[in-house]
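[1] Here's my sequence, what's the structure:
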Amino acid sequence: MNLSKVLLILNTVKYLKFKQIFFRIFYFLRGRYRKLIGFRYKLVKESKSVPLVLEDSIYSYESYIDDKFNFLNLSKSFDEKIDWNYNKYGKLWTYNLTYFEFLNQQTFKQNIGLELMHDFVDNSTIIKDGFEPFPISLRAVNWIKFLTNNKISDKKIDDSLYAQYYILIDNLEYQLLGNHLLENGFSLLFGAYYFQDEKLYQKAKIILKEELEEQILEDGGHFELSPMYHKIMLFRVLDCINLIENNNYKNQELLELLTSKAELMMGWLKNIVYKNGDIPLLNDSANYIAPVSKELFEYTNNLKLNIKNSKLSDSGYRKITKEKYECIVDIGGIGAKYIPGHAHADTFNFELRIDGKPLIVDSALSTYETNDRRSFERSTAAHNTVEVLGENSSEVWSGFKVANRAEIIELKEKENYIKATHNGYKKYDVLHTRSWKFEDEKIIIEDSLSKESKAIFRLHFHPNMDEYAIDQYVNTQNLEFKILNYQYAKGFNKLVNAKYMEIYFNQNCQVEIRL
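    This next block holds a predicted model:
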């Protein structure tokens with residue numbers, strides 16, 4: 001291992017919490033020891049479930065139709081026997097297969113659901129990825145919702161599910177924290193109610209109290225700063241409120257906490273979405289993964305919750321709305337310093353819609369595989385900001401890691417004007433300052449570097465924009481530029497051709513976007 005790789009690792013590890021490091025080592029050593037002694041978890045545990053009551057939730061996207069599974073825009077039919085370990089589409093696809101979210105799609109038949117659940121149980125001894133804590137967490141909630149909504153009592157499924165919960169509680173994702181541990185906590189709460197289990201409840205209570213206070217920022221945003229994950233976490237909170245309000249257990253002691261966080265999170269969502277309800281595709285965000293905004297607002301209304309109106313602040317995002325346009329800018333740092341896996345090197349990135357139609361877009365998310373495409377999508381070059389000396393503003397690497405990262409060291413805001421400076425290029429003794437001036441008919445973006453350096457300002461356009469349209473909107477103030485091709489991610493594993501502009505400068509750059 002060369003020195004640069006060692007430094008990269010050290011500059012990544014230094015941001016981790018002690019708890020993460022401890023549990024990484026503990027789980028590693030425990031795994032080695034258990035392998036030596038031939039330890040195996042019990043896959044059946046004697047259980048006694050209780051019938052629950054749940055109001056209608058949000059249907060999942062259709063991912064199982066006519067014996068075909070479709071996740072992440074990749075389809076697979078199993079001719080005879082389902083391979084629950086199928087990995088030719090990558091681990092995330094395998095995870096989705098074992099989440100069982102298809103159980104809760106609107107057109108799903110009860111008998112098919114039971115057949116698939118029984119098949120999974122029957123093959124439990126050979127299932128690998130599906131018995132990791134994250135898929136257990138999601139699958140358990142989906143099973144409980146399906147069984148409850150269809151008024152099914154099935155001892156075989158219950159005994160398997162109860163055993164899975166005790167595998168989960170022995171492998172809580174303290175080595176990761178963030179949304180992973182929150183998913184563990186949400187699921188444990190469902191398990192506690194379904195099995196009236198004190199141990200599951202107490203652990204769920206600790207996790208939810210600690211992590212919701214940690215992860216939900218003062219302006220209501222989720223601290224990993226992905227609008228997609230924000231919506232997923234909000235959906236889980238709403239489902240937990242549904243669970244607690246409709247079932248009398250533990251005096252509903254977590255209801256106030258969950259309600260207050262849901263109302264704050266809804267306020268953030270209301271502030272960040274475009275007029276049509278779309279989210280900006282910032283950091284790791286994609287469409288058709290989380291529920292659509294309209295469904296979340298309707299669910300909130302059905303649960304009789306309020307929406308707290310707070311301004312966008314510590315999440316680092318701002319939205320400027322004029323009669324003609326909506327612009328969302330990123331003036332925040334790397335989200336969740338100790339779990340930045342969904343963060344990109346995109347400081348001072350922005351998106352722009354004119355008359356409700358996307359003009360300047362984030363190049364978006366198409367994969368979680370550790371490959372060149374993933375590296376590109378997290379890079380500074382993939383975003384609407386400035387790259388200096390061919391380097392990323394934050395050291396994103398290995399799919400989900402970040403070493404040294406850009407920090408905002410100065411911020412000035414007033415009506416129709418934002419100016420900020422970040423130090424992501426400090427190893428070159430360069431500071432990057434960007435300002436946006438928002439007028440009714442145009443946006444003026446000015447970039448300046450603290451010393452002369454080779455720099456590129458990139459603008460990524462929606463696939464509907466051709467060179468003629470780009471020329472009508474963008475004035476580069478006589479700076480040299482090129483219009484090139486890139487691949488825009490319409491979703492996981494779905495790329496389409498689009499245009500982007502490279503604007504070259506050495507110290508100062510001014511661009512006008514005429515509307």
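
[2] What ranges does the stretch 1-150 of the chain have for its strands?
    Secondary structure of the stretch 1-150 of the chain (DSSP state E, counting those that start in this stretch): strands at 64-65, 68-71, 74-77.

[3] Okay, now the sheet partners of the second one, with direction.
    Meaning strand 68-71. strand 64-65 (antiparallel), strand 74-77 (antiparallel) (DSSP bridges).

[4] Pull out the buried residues from it.
    Phe69, Asn70, Phe71 (16 or more other CB atoms under 10 Å). Using the backbone N, CA and C atoms, a C-beta is placed for each residue, glycine as well.

[5] export those residues to JSON lines and tack on pLDDT and distance to Ser293?
    Putting the buried residues of strand 68-71 into JSON lines (pLDDT from 0 to 100; distance: CB to CB, whole Å) gives the following:
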{"residue": "Phe69", "pLDDT": "97", "distance to Ser293": "26"}
{"residue": "Asn70", "pLDDT": "98", "distance to Ser293": "23"}
{"residue": "Phe71", "pLDDT": "98", "distance to Ser293": "22"}
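
[6] quick check, nearest of the residues you listed to Gln215?
    The closest of the buried residues of strand 68-71 to Gln215 turns out to be Phe71 (CB to CB; 25.9 Å).

[7] Can you pull the poorly scored residue ranges out of this protein?
    Across the chain, nothing is flagged by pLDDT under 70.

[8] ok, now which ones touch the residue positioned nearest the centre of it?
    Per CA atoms, centre = their mean, the C-alpha nearest to the average position across the chain is that of Tyr229, at 3.1 Å. Contacts for Tyr229 were tallied using CB atoms under 8 Å, 6 or more residues apart in numbering; they are Asn179, His222, Asp284, Ser285, Ala290, His342.

[9] Emit the ChimeraX select command for whichever of the residues you listed are buried.
    This is how ChimeraX selects the buried members of these, with burial counted by 16+ other CB under 10 Å:
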select :179,222,284,285,290,342
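
[10] Narrow the contacts of Tyr229 to those in helices?
    Within these, residues falling in helices by DSSP state H are Asn179.

[11] Same list, the contacts of Tyr229, but as CSV with distance to Asn497 please.
    Formatted as CSV, the contacts of Tyr229 follow (distance: CB to CB, whole Å):
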residue, distance to Asn497
Asn179, 32
His222, 32
Asp284, 22
Ser285, 21
Ala290, 26
His342, 26
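
[12] tell me the SS of the residue nearest to the centre of the chain?
    helix (DSSP: H, G, I helix; E, B strand; the rest coil).

[13] What distance do you get for it to His342?
    Distance from Tyr229 to His342, counting by CB to CB, to the nearest Å: 6 Å.

[14] any common contacting residues for these two?
    Counting by CB under 8 Å, 6+ apart, the common neighbours of Tyr229 and His342 are Asp284.

[15] can I assume Phe457 sits in a strand?
    Yes. Membership of Phe457 in a strand is supported by three-state DSSP.

[16] quick one: it and Val511 touch, right?
    Yes. With contact defined as CB atoms under 8 Å, Phe457 and Val511 form a contacting pair (6.8 Å).

[17] Which of these two has more residues huddled nearby?
    For Phe457 versus Val511, neighbours defined as other CB atoms under 10 Å are more numerous around Phe457 (23 against 20).

[18] mind listing the helices for the stretch 301-450 of the chain?
    372-378 (DSSP state H, counting those that start in this stretch).

[19] burial of the closest residue to Leu168 other than its chain neighbours, as a residue count?
    Spatial nearest neighbour of Leu168, chain neighbours left out: Ile136 (4.7 Å); criterion: CB to CB, 6 or more residues apart in numbering. Residues within reach of Ile136, counting by other CB under 10 Å, total 24.

[20] and what of Lys156?
    By other CB under 10 Å, 13 other residues sit near Lys156.

[21] Helix or strand: which one has it?
    helix 155-169 (DSSP states H and E).
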